[in-house]
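Undergrad: Coordinates only, no sequence provided:
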């Protein structure tokens, strides 16, 4: 280690000393670095100096902070803050075509012998299956007739009341009369798109974005204007504003809280700016908040809708990621488009199934949803961390992996010579499902990216599957040379 120059700030000296320990292997990936107070004593500097040093080490990509746990040596990835950039999106709206890949992905998800890294859904082992089943049975006994009858739009009052109560945690104040229940989050998004667009319209979307959103655009004959994403802060608002100025944009569809696949969390000031940009041009925002409850640090983020004073935000949510994917219980608060969405609901699915709505409403009211969420957040954070560590151990050098603030998916950038589509096909032969990057772009960007689902409990089988994936990436890289 070189002797420090006298002109070096104290925090740089501390950072360099810790970096030397990491580079030499004294501190290994996953190990905790000395606490701030302990490091303060060891280096005879102030606590604030150590904090500044650790921030510098985070910026160098050497350590990472974990809520309530301290700082840990990062895996030997390239800088995760650069993951997800891809190539520059085209500036005009693009026709969308992702249906074939989507069908193959969900076919694989139904196969019991396939390791399900592809489709992003939580494993039943992490969900309150027994408690929800007891609640459902109790609802049938208590409200038998109501549970089998039609619950016409706007849907279950009990459920809408519970959603409205929880909206206070999101920084807003919805009332039950502003909410319409839906058959999952997908129907909520579809109703929102149908309410504010017509075939041929351009919709601004994140890039990369959840392929289910692209499928909806494809089915509705809409064109996608891809807006680049930042792995930490979400949609590039300068690019969005420039895109809106270039031509008519009928709507913007965004996932500000823990986007899929990046897991980014848009800061509150950016959320306000997003709303102001769209409001200035009268562009509706379809806000997908399906992952909003899944913050890894336990702090529930605000929604963009909390800034809306004009009814331009159509806020959508679901309990598919936290309680019961198969119950298909979602909702939408469509603002000024309420009447239109209600009419569309009647002509699409007529009504949302009554029994699942009543069961979810009862769970929210008396089933300990907050207690369940606390455990689920910790579990997902741990599974994301374990998966990142396994990728770092088994994949080739230069692999980049996102570091999401919430949710349970990872966005992985492979060596530039590895085709995600070829890896997807080869991995299926070994009974491993992954989601290839081109699925997350209307223009088939991200050819060397994959998304990994971390929503299932960690097992030896999952680690072995990641080891096998790492081996496959190395083989594909060698063949492409």
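TA: Arrived safely. Nothing here was measured: the structure is a model prediction, and the numbers come from that model. Numbering: from 1, shown residues only.

Undergrad: contacts, neighbours, all on C-alpha from now
TA: Will do.

Undergrad: Give the residue spans of this protein that score low on pLDDT.
TA: Applying pLDDT under 70 to the chain flags the ranges 1-7, 67-68, 75-111, 480-481.

Undergrad: if you set the cut-off to 50 instead, what comes out?
TA: Low-confidence segments of the chain, defined by pLDDT under 50: 1-6, 77-81, 87.

Undergrad: mind giving me the domain ranges of it?
TA: Domain segmentation of the chain under automatic domain parsing yields 10-73, 80-87+371-479, 128-367.

Undergrad: got those as TSV, with mean neighbour count and distance to residue 115 columns?
TA: Below are the domains of the chain laid out as TSV (neighbours: other CA atoms under 10 Å; distance: least, CA to CA, whole Å):
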stretch	mean neighbour count	distance to residue 115
domain 10-73	17	25
domain 80-87+371-479	20	5
domain 128-367	20	18
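
Undergrad: Check which helices and strands the helix ranked longest in the chain sits against.
TA: Ordering each helix of the chain by length in residues (DSSP state H) puts helix 369-394 first. When contacts are defined as 3 or more CA pairs under 8 Å, 6 or more residues apart in numbering; DSSP states H and E, helix 369-394 packs onto strand 409-413, helix 460-479.

Undergrad: quick one: strands adjacent to the shortest one?
TA: Partners of strand 409-413 in the sheet, by DSSP bridges, are strand 400-401 (antiparallel), strand 449-453 (antiparallel).

Undergrad: and the first one, how far out from the chain's middle?
TA: This means strand 400-401. Here strand 400-401 is found 16 Å from its chain centre; the criterion is CA atoms, centre = their mean, to the nearest Å.

Undergrad: Same question for the last one.
TA: If you compare the mean C-alpha spot of strand 449-453 with that of the full chain, they lie 12 Å apart, counting by CA atoms, centre = their mean.

Undergrad: circling back to that earlier point, among the strands paired with strand 409-413, which comes closest to residue 391?
TA: Among the strands paired with strand 409-413, strand 400-401 comes nearest to residue 391, with 8.2 Å by CA to CA.

Undergrad: Surely residue 326 and residue 320 touch.
TA: Yes: assessed by CA atoms under 8 Å, residue 326 is found in contact with residue 320 at 7.2 Å.

Undergrad: could you say what helices and strands the helix or strand hosting residue 186 packs with?
TA: Applying DSSP states H and E as the criterion places residue 186 in helix 184-196. Identification of packing neighbours for helix 184-196 by 3+ CA pairs under 8 Å, 6+ apart yields helix 211-219, strand 285-288, strand 313-318, strand 329-333, helix 338-348.

Undergrad: of these, which approaches residue 367 most closely?
TA: Proximity to residue 367 (CA to CA) singles out strand 329-333 among the helices and strands packed on helix 184-196, at 16.3 Å.

Undergrad: Can you pull out the residues in contact with the closest one?
TA: Residues from elsewhere that reach strand 329-333 (CA atoms under 8 Å, 6 or more residues apart in numbering): 174, 178-185, 187-188, 314-320, 352, 356-357, 360.

Undergrad: go again using 7 Å as the cut-off
TA: Outside strand 329-333, the residues that touch it by CA atoms under 7 Å, 6 or more residues apart in numbering are 178-185, 188, 314-320, 356-357.

Undergrad: Neighbouring strands - and their directions - for that strand?
TA: Strand pairing for strand 329-333, determined by DSSP bridges: strand 180-183 (antiparallel), strand 313-318 (antiparallel).

Undergrad: Would you reformat the helices and strands packed on helix 369-394 as TSV and include distance to residue 337?
TA: Below are the helices and strands packed on helix 369-394 laid out as TSV (distance: least, CA to CA, whole Å):
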stretch	distance to residue 337
strand 409-413	32
helix 460-479	44
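
Undergrad: Show me the one of those that comes nearest residue 232.
TA: Among these, strand 409-413 comes nearest to residue 232, with 12.3 Å by CA to CA.

Undergrad: could you check the angle helix 211-219 makes with the single longest strand found in the chain?
TA: Longest strand of the chain, by residue count under DSSP state E: strand 223-230. Strand 223-230 and helix 211-219 are oriented at 160 degrees to each other (axes from the mean of the first three to the mean of the last three CA atoms, to 10 degrees).

Undergrad: now for strand 223-230, which elements pack on it?
TA: Judged by 3 or more CA pairs under 7 Å, 6 or more residues apart in numbering; DSSP states H and E, the packing partners of strand 223-230 are strand 94-95, strand 202-207, strand 234-235.

Undergrad: and if we set it to 6 Å?
TA: Counting contacts by 3 or more CA pairs under 6 Å, 6 or more residues apart in numbering; DSSP states H and E, strand 223-230 is packed against strand 94-95, strand 202-207.

Undergrad: What strands line up against it, and which way round?
TA: strand 94-95 (antiparallel), strand 202-207 (parallel), strand 234-235 (antiparallel).

Undergrad: Now do the helices in the stretch 1-150 of the chain.
TA: Applying DSSP state H, counting those that start in this stretch to the stretch 1-150 of the chain gives helices spanning 10-23, 36-43, 47-59, 99-109, 129-142, 144-148.

Undergrad: who does the fifth one touch, helix- and strand-wise?
TA: Spelled out, that is helix 129-142. By 3+ CA pairs under 6 Å, 6+ apart, helix 129-142 packs against no helix or strand.

Undergrad: Give me the contact list for that helix.
TA: Residues outside helix 129-142 that contact it (CA atoms under 6 Å, 6 or more residues apart in numbering): residue 359.

Undergrad: What separation is there between the residue lying closest to residue 304 once chain neighbours are set aside and residue 194?
TA: The shortest distance from residue 304 to any non-neighbouring residue, by CA to CA, 6 or more residues apart in numbering, is to residue 271 (5.3 Å). Plainly put, residue 271 is 24 Å away from residue 194 if you go by CA to CA, to the nearest Å.

Undergrad: Cheers, nothing more for now.
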